Each structure stands twice: as structure tokens, then as C-alpha cells.
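1. predicted structure and sequence below. I'll ask about it afterward.
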Protein chains: 2
Amino acid sequence: MGEPDPALLSINTATLRMRWDLREIIAGLARHGIRGISPWRDQVAKVGLAEVAARIRDAGLVVTGYCRGGMFPAAGREGRRAALDDSKRAVDEAQAVGARCLVLVVGGLPRDREGRIVSKDLTGAREMVRDGIGELLEYARAGGMPLAIEPLHPMYAADRACVNTLAHANDLCDELAPSGREGLGLAVDVYHVWWDPALEREIARAGERERLFAYHICDWLVPTTDLLNDRGMMGDGVIDLPRIRGLMERAGYRGMHEVEIFSAGNWWLRDPDEVLATCRARHRERS
Amino acid sequence: MGEPDPALLSINTATLRMRWDLREIIAGLARHGIRGISPWRDQVAKVGLAEVAARIRDAGLVVTGYCRGGMFPAAGREGRRAALDDSKRAVDEAQAVGARCLVLVVGGLPRDREGRIVSKDLTGAREMVRDGIGELLEYARAGGMPLAIEPLHPMYAADRACVNTLAHANDLCDELAPSGREGLGLAVDVYHVWWDPALEREIARAGERERLFAYHICDWLVPTTDLLNDRGMMGDGVIDLPRIRGLMERAGYRGMHEVEIFSAGNWWLRDPDEVLATCRARHRERS
């Protein structure tokens, strides 16, 4: 593998969320010559959707994804309806900022209104996810916004996403929209899928169906001290990033490489300018 | 699902490791009318193999597994040889205590002598695992000791086991010993596999090949605060234990149900008699 094109670097705004707001992040990206961004809804809401959209447009940034819709399973019909409505608003916002796709974190076991998990029926949760994506897809298609299912690591199956493998996500796409041109595809995040023995096969399968919508990078640290917020900078962990980039490229992916690092104990504490400089260097040298 | 037969309860000694040695554990199991045990090598070594074997025999305990062999990948030929030799000793010990199988935790990415991970080649690590099991199998067969590959949760892929799904473990068995009668099979631990969308299919596949050698239970807590030592007592988490027991039974499994709980912040701190009483009750009512 040769080095990746530095122009393909994108930054997921969760990476900088502790010390900069979205205005500062957009200005920072420009300063570091970074051309892609993937914003989170709560960060957008803080600054205001219209202002964020204008600043992104003025900065000429590519919006590699919008985070996020999903969380479909809920205990009652009303809860599922609320989740769907919220995802429709996420579609609208993604359109407003000109995102290439809306990322779907599909949700785990059904919860009640107070947020308590009320069922152990994982199969049923997966059916709610399929139905939810199906309904959202109609709305998103009408607005021309592609949906990207992001399989999450199996350690999040109960509380964040019960789609945990690329095979399962590919199966869902096959059922709901056989080609990516129909507006449903995948976000491949190395953190969630690097361990999968079917990685090569399933990336190739997704490529054949033109459903590789996004590629997220970071690293898996050994030891990992927190299930949520201990992701590593590219090169600091054990993921063979050039290999996975190669699998993506061979499958036809030509999009950007989005850095998404949740790191409560390290990167979130550092000067965001240092973080961005490190992202640039590690993207070029270690990804 | 009806309630499980209380006579099928077995205790993995890791569950009680902090406050009792193996002598106390064996006596405790007798006191609580528990008929199965699965000891760890370090706990055996502390008391002495001959004494442990005698005490287990005198107590009439079924040894549902012996923990553990494996850890096959290493940076050099010498390291791989040392791992294999160590696993052969584990086979001998498993025979000495009359275990039904030796549990294999196969190891993650290759390490050097100082224990540092020195490669990101997960595919290569998986080849070392296949070769290591193949070599160990000859030795184990000669001694009549079945080997049980335990797929570990994907969050342990780098540092503990790079076999992370039942499908992968079944594939390995197909390659090395198509039927369980040839001495190679699986240990199914709910903690590691509960999330897998292929669970039903792969348990059935293993059953058809007579390779369901062991069944381990505990629960997945939400939130989980530690990747290693925050397992839950049956009923305290989100795993649908009766469903998975049903899958095992339909696949022909008639063995015991081994409770294995690593819990630094809760169960390891409690009076082991309370832990055993709770295991008995939760096995009957919630598993």
C-alpha cells in the first residue's frame, strides 16, 4: 500500500468535542488544510443549523457524514414512532449541511421512556431495526439523502447497536435496497469491524453493490481501559490500517477517510490544534 | 423452556478466586450440593496437582473443563514451541484431574518474550492458532483428552483470542477434526457469543458434528465498566439465557452449565458462600 492521499482526510467532530465548539472546529480544519468534516447533531444544535451549514459551505468542506440517526428499537409503538421522527429530523439536518450520507447507529435492546432496557429479545430488536430503516429509507430517498448503516462492535450490542457485523448490515441492505444507488449503504469503521474474520469478503460484497458510503479510522488500544471512550490515534494500536484501506480501495471505495476518536483520557484533553496536526501526520504515515 | 436441572450446575473456580483457595472451593461446592467444577491451572498449582486431583475425586465432582491451554501465537518459532509445550502440560494436568475437556483460549496477536505485541497480522495469528491446535490435538488424542476451542468476545481479539465467533471455531474444527469424536470441539460461553446473529445456526452446526463440549454461563451487564472483570450474575444482565440453553439442548447438548464470573467490583468481593447460594438460585430461576 502506498501512502493515502492527504486530501482524503476528514475529521469527525466527536474527535474534538471537549475543547472546541463547531465554529472553532470548522476554523481549525481550514487552518490545518483539512477538507472533510462529519458533524454530530448535538454540536450542530449548540451553534445553530443554519450557521453551521453556512460556515461549512464557506469553508468548502466536504461533509463525509452526519451523525446520527437510528436508535430504532423501543418498548412501545409510541417510542418507535418517536425514534423514527427523530431520525427524519436528522435526515433534514443532513440535507441542510450537504452531507454525503446520514450515519445510522441503529440502537440496541428496546428501552422504555425512562431509558431502561426492558427486553432481552435481540432477534426482536433486530426486526425493529429492519422495519425502522425501511420506513426511514422512504423518507430519506424522497429527500435524496443516502443512509449509511454503521455496524458497531459487538460490545455495544445491548445498548447502542444490535447490528454488529458487516455481514448482518449487508444482509439488511440486500433485503431493503439491493444496490447502494437506492440510497442505503454502509459506514465501515475500523474500530468496530477490524476483528471480523469475514472482513475481506464483506467489504468486497458491499463494494459490488456500490454501498460503501463512508470509511472511519482510529485504532484499537491494548489494553483498552473503557468500552466507550478509549479509542486510539492511528498507529497507536493494533489495527492494520493500510490493509483495511486496501480492502476498501479494491472494493471500489474512493471517498474520504474520516478520523473518529472518542478518548476521554487522552486526545480529548489535548490542545485541538495538536490533535489535528497529529491526525494529519498519522493519516499520511500510519493509515 | 422449563427450569434447568439443578444437578447440572458446575462452578468455574475463577468465580471464587479472590477469597478461597481450591481446597476451600472444593469443600464449599460439597456444602452447597454442587456437583461440577472447572479449575484454573494457577489455582491448581497453588494447592498441588496430586492433592487437587484426590480432593476432586473424593468429593465426586464432575470436572466440566480444565482452564486452560492455548495462547498459540508468538513472534518466533521458539515462542510458539514454548506455548505448545505449556499446552501439553495443561493436557497432562487435565488428565490428572479427570477433566471432560481442556479449554483452549487460543491467543491473540503474536508477542515477543517480553509480552509485547509485535505484529498486526491477525490473519497470520489465526494461522498460528490453526497450526498450534493441530499439533496439540495429536498429543491430546494420544492421551484421550478432548480439546474445546472457546471463541472469545471480539473485544479480546488482540490480546486473548483471535477466534471470536462460533462460525470461525466451527471452521477450524471442520478443517482439523470433522467430528467431535475425534477429540476437538467447542466451549460455548454466553458472554462471548450472545450477540452473534449466527448463534442459532452455529450452535446447531456444532451439535450436528457432536462438538458441543462445554456450556458456560454468566450475564452481560449494561453498562459494563471493565472489559475483563465486570461480568454479571445470571439474571442481572441482558442475555436471554433460557433461549441459549434451549439452542444448546436442541443441538443435543446434555452436559453441565458452568458458571464463570469475573467480577472484581462485586462477586469477587462477597462471601463465597453467598456467591454459591446465589449461583444455585439464579441457575434454577434465571438460566
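-> That came through, no problem. Residues are numbered from 1 along each chain as shown, chains lettered A, B, ... in the order given.
2. sec struct for A:Ile11, please.
-> Using DSSP: H, G, I helix; E, B strand; the rest coil, the structure places A:Ile11 in strand.
3. show me the contacts for it.
-> Applying Cβ atoms under 8 Å, 6 or more residues apart in numbering or on different chains to A:Ile11 gives the contacts A:25, A:29, A:34, A:36-38, A:258-259, A:276, A:279. Glycine gets a C-beta too; all of them are placed from N, C-alpha and C.
4. the residues you listed in strands, which ones?
-> Residues of these located in strands (DSSP state E): A:36-38, A:258-259.
5. tabulate these (JSON lines), appending distance to A:Pro151, neighbour count and pLDDT.
-> Shown next, in JSON lines, are those (distance: Cβ to Cβ, whole Å; neighbours: other Cβ atoms under 10 Å in any protein chain shown; pLDDT from 0 to 100):
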{"residue": "A:Gly36", "distance to A:Pro151": "22", "neighbour count": "22", "pLDDT": "98"}
{"residue": "A:Ile37", "distance to A:Pro151": "23", "neighbour count": "27", "pLDDT": "98"}
{"residue": "A:Ser38", "distance to A:Pro151": "17", "neighbour count": "30", "pLDDT": "98"}
{"residue": "A:Glu258", "distance to A:Pro151": "16", "neighbour count": "25", "pLDDT": "98"}
{"residue": "A:Val259", "distance to A:Pro151": "19", "neighbour count": "30", "pLDDT": "98"}
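6. re the thing from before, from the contacts of A:Ile11, which is closest to chain B?
-> Distance to chain B across the contacts of A:Ile11 (Cβ to the nearest Cβ) is lowest for A:Val259, with 18.3 Å.
7. dump the residue contacts of that closest one.
-> Counting by Cβ under 8 Å, 6+ apart, A:Val259 touches A:9-12, A:15, A:216-218, A:234, A:279, A:283.
8. neighbour-wise, which one of these leads?
-> Note: the member of the contacts of A:Val259 with the most neighbours is A:Ile11, at 30 neighbours, neighbours being other Cβ atoms under 10 Å in any protein chain shown.
9. how close does that one get to B:Arg141?
-> 55 Å (Cβ to Cβ, to the nearest Å).
10. repeat that for A:Phe262.
-> Distance, A:Phe262 to B:Arg141, using Cβ to Cβ: 47 Å.
11. in chain A, which spans are strands?
-> Using DSSP E, strands in chain A cover A:9-12, A:36-38, A:62-63, A:66-70, A:102-105, A:147-149, A:184-189, A:212-217, A:257-259.
12. now distance to B:Leu152 too, for the ones you listed, in TSV please.
-> Output for the strands of chain A, formatted as TSV (distance: least, Cβ to Cβ, whole Å):
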stretch	distance to B:Leu152
strand A:9-12	29
strand A:36-38	32
strand A:62-63	38
strand A:66-70	28
strand A:102-105	25
strand A:147-149	26
strand A:184-189	21
strand A:212-217	24
strand A:257-259	28
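13. mind checking how far A:Ala27 is from chain B?
-> A:Ala27 is 35 Å from chain B, where distance means Cβ to the nearest Cβ, to the nearest Å.
14. just give me the neighbour total for that residue.
-> 13.
15. ok, A:Thr123 next?
-> By other Cβ under 10 Å, 12 other residues sit near A:Thr123.
16. ok, A:Asp226 - contacts?
-> Taking Cβ under 8 Å, 6+ apart, we find A:Asp226 in contact with A:264-265.
17. dump the contacts of A:Val259 into CSV; add pLDDT and distance to B:Val52 as well.
-> Below are the contacts of A:Val259 laid out as CSV (pLDDT from 0 to 100; distance: Cβ to Cβ, whole Å):
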residue, pLDDT, distance to B:Val52
A:Leu9, 98, 57
A:Ser10, 98, 57
A:Ile11, 98, 56
A:Asn12, 98, 53
A:Thr15, 98, 51
A:His216, 98, 49
A:Ile217, 98, 49
A:Cys218, 98, 45
A:Met234, 98, 47
A:Cys279, 98, 53
A:His283, 98, 54
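18. pretty sure A:Ile56 contacts A:Gly98?
-> Yes. A:Ile56 is within contact range of A:Gly98, at 6.9 Å (criterion: Cβ atoms under 8 Å).
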